[in-house]
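**Q** have a look at this prediction, sequence included:
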Amino acid sequence: MRRLFAVVLAVVMILTLAACTKVPANNNGGEDKAALKVGLICLHDENSTYDKNFIDGFKAACEKAGLKEGESFFIMTNIPEGAECKEAALDLADKGCTLIFADSFGHEPYMIEAAKECPDVQFCHATGTKAHTEKLANFHNAFASIYEGRYLAGVAAGLKINEMIEAGTIKAEEAKIGYVGAFPYAEVKSGYTSFFLGARSVCETATMEVIFTNSWYDETLEKEAAQKLIGDKCILISQHADSYGAPTACEDANVPDVSYNGSTEAQCPNTFIVSSRIDWEPYYTLCINAVKSGDAIPTDYVGTIETGSVVLTDLGAKAPAAGTAEKLAEVKAGLQDGSIKVFDTATFTVDGKTVDSYLADVDDMGDYVGETEVIKDGAFLESEFRSAPYFDLDIDGITIKE
């Protein structure tokens, strides 16, 4: 029995090593361009606006690098946030990939397991939190300062509300925004708070109601949440969820909408205002070039407006208020030169008080205890200490609805 076990163990070790064999390096220490293969693991497929955004950026970067789908780059879709992710990562390594990406938060522990088993393969995980504490040379996290894009989208929303007030469609005290959120995580809270602060920077009477669906992708729940918010007299809707459910509800009810991860104008031509999104192509390109040249990939990468990672779609043809493009250009310039800070503590309160100090759970050790001071010079420093969001304050003016 022991002998049989030893044989089985040896076979498993051989298979694992085979799956994690590194492609031969060129004379500069990087990968041989002809042999370079890369892979992407997605939670859903292109029917999800979230995953489609990753897939589009990945294809663009790979094609620019001269890679071909099915030969030197591979996309694995509908991979759950479970052991299936590790299996997918090892499968990609078995195909010869020496650079592997995953796009969903829950993929992270399984990517880490794969990284430990395959030290010569680079694993890059979007939205994760543990690269800076795991300290693996081949495991990396990435995100972007999308709160700046959300803030800009919020400005566009606030201008639309002002137009509605000036037209007499609503009263100033009726400036209530609805927001469909996936989960009450820091990523979602950071997004809807920055969106709200952008709206309130131009419409002081704005308030917001949030409904969580507790799912990243459920078109029925997202549409029902938007309908509930509209029924509760929310006069504009935005979202951090991955389907067309909320925008479709807005189009049906003729309620202005700000989407996320890409334009929904084709589906909602009468109500679409704008969308913010992370453009992942610059990050993919950076990583591909780093592997080619043998350079290090950043442990925590934060894409910005300057890197082309934080972008807005074109404005909708019908719904935006007059002057929106000009105002967005002005605010964008302020974000870039630092004169506008999204989480300026002078612009919000918590329980009626200004936030002068806050320990955020940056290291994410599973204890949900904050350990890092993130307030400095009158601003909450999002993205300063890791790439993934850690803003999780519940500020005044935003109400969570059941």
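**A** Cool, the structure landed.

**Q** how much space between Ala137 and Gly128?
**A** 16 Å (Cβ to Cβ, to the nearest Å). Placement of C-beta: from N, CA and C, glycine included.

**Q** the more surrounded of the two?
**A** Neighbours per residue, other Cβ atoms under 10 Å: of Ala137 and Gly128, the larger number sits with Gly128, 27 against 11.

**Q** which of the helices or strands spans the more buried one?
**A** Assessed by DSSP states H and E, Gly128 sits outside every helix and strand.

**Q** next: the one 4 residues further on.
**A** Assigned by DSSP H and E, His132 belongs to helix 131-134.

**Q** and the next helix or strand after that helix, what does it pack onto?
**A** Next helix or strand after helix 131-134 toward the C-terminus (DSSP H and E): strand 139-144. Identification of packing neighbours for strand 139-144 by 3 or more Cβ pairs under 8 Å, 6 or more residues apart in numbering; DSSP states H and E yields helix 108-117, strand 122-126, helix 131-134, strand 300-303.

**Q** each with direction, which strands does the second one pair with?
**A** Based on DSSP bridges, the strands next to strand 122-126 in the sheet, each with its direction, are strand 99-102 (parallel), strand 139-144 (parallel).

**Q** mean neighbour count, these: which tops it?
**A** Each of the strands paired with strand 122-126 was scored by mean neighbour count; the highest is strand 99-102, a mean of 28, by mean count of other Cβ atoms under 10 Å.

**Q** residues in contact with that strand?
**A** For strand 99-102, the surrounding residues in contact (Cβ atoms under 8 Å, 6 or more residues apart in numbering) are 36-42, 54, 58, 79, 85, 89, 92-93, 108, 111, 114, 121-126, 284, 287-288, 291.

**Q** any idea how far Pro80 lies from Asp364?
**A** Distance, Pro80 to Asp364, using Cβ to Cβ: 21 Å.

**Q** scratch that, Cys85
**A** For Cys85, the distance to Asp364 - Cβ to Cβ - is 18 Å.

**Q** and for His132?
**A** In terms of Cβ to Cβ, His132 sits 9 Å off from Asp364.

**Q** next: Phe183.
**A** Distance of Phe183 to Asp364, computed by Cβ to Cβ: 15 Å.

**Q** neighbour count winner among these two?
**A** Asp364 (19 against 16).

**Q** and the more buried one, that's in a strand?
**A** No. Asp364 sits outside any strand when classified using DSSP: H, G, I helix; E, B strand; the rest coil, being coil.

**Q** what does the pLDDT read for it?
**A** Per-residue pLDDT puts Asp364 at 92.

**Q** my guess is it contacts Thr133, does it?
**A** Yes. Look at Asp364 against Thr133 with Cβ atoms under 8 Å: they come within range, at 7.4 Å.

**Q** what residues does the spatially closest residue to Asp279 that is not a sequence neighbour make contact with?
**A** In space, Asp279 comes closest to Val311 once its chain neighbours are excluded; the distance is 5.0 Å by Cβ to Cβ, 6 or more residues apart in numbering. Contact analysis of Val311 by Cβ under 8 Å, 6+ apart lists 149, 276-279, 305.

**Q** give me the sheet partners of the helix or strand containing Val311 and which way each runs.
**A** Val311 is part of strand 310-312 when elements are defined by DSSP H and E. Using DSSP bridges, the strands paired with strand 310-312 are strand 272-278 (antiparallel).

**Q** which residues sit against the strand it pairs with?
**A** With Cβ under 8 Å, 6+ apart, strand 272-278 has contacts from 53, 143-144, 146, 149-150, 152-153, 156-157, 160, 247, 256-265, 303, 309-316, 318-320, 324.

**Q** show me the shaky parts of the chain.
**A** Along the chain, segments meeting pLDDT under 70 span 1-19, 21-34.

**Q** helix or strand right after the top helix by length along the chain?
**A** If you go by DSSP state H, the chain has its longest helix at helix 146-166. Sequence-wise, the next helix or strand beyond helix 146-166 is strand 176-181, with elements assigned using DSSP H and E.

**Q** span of stretch 40-53 from start to end?
**A** With Cα to Cα, to the nearest Å as the measure, stretch 40-53 spans 12 Å from end to end.

**Q** which parts of that stretch are buried?
**A** Judged by neighbour count (16 or more other Cβ atoms under 10 Å), stretch 40-53 contains these buried residues: 40-44, 48-53.

**Q** so can I have CSV of those showing distance to Pro298 and secondary structure?
**A** Output for those, formatted as CSV (distance: Cβ to Cβ, whole Å; DSSP: H, G, I helix; E, B strand; the rest coil):
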residue, distance to Pro298, secondary structure
Leu40, 18, strand
Ile41, 20, strand
Cys42, 22, coil
Leu43, 23, coil
His44, 27, coil
Ser48, 27, coil
Thr49, 26, helix
Tyr50, 23, helix
Asp51, 23, helix
Lys52, 25, helix
Asn53, 21, helix
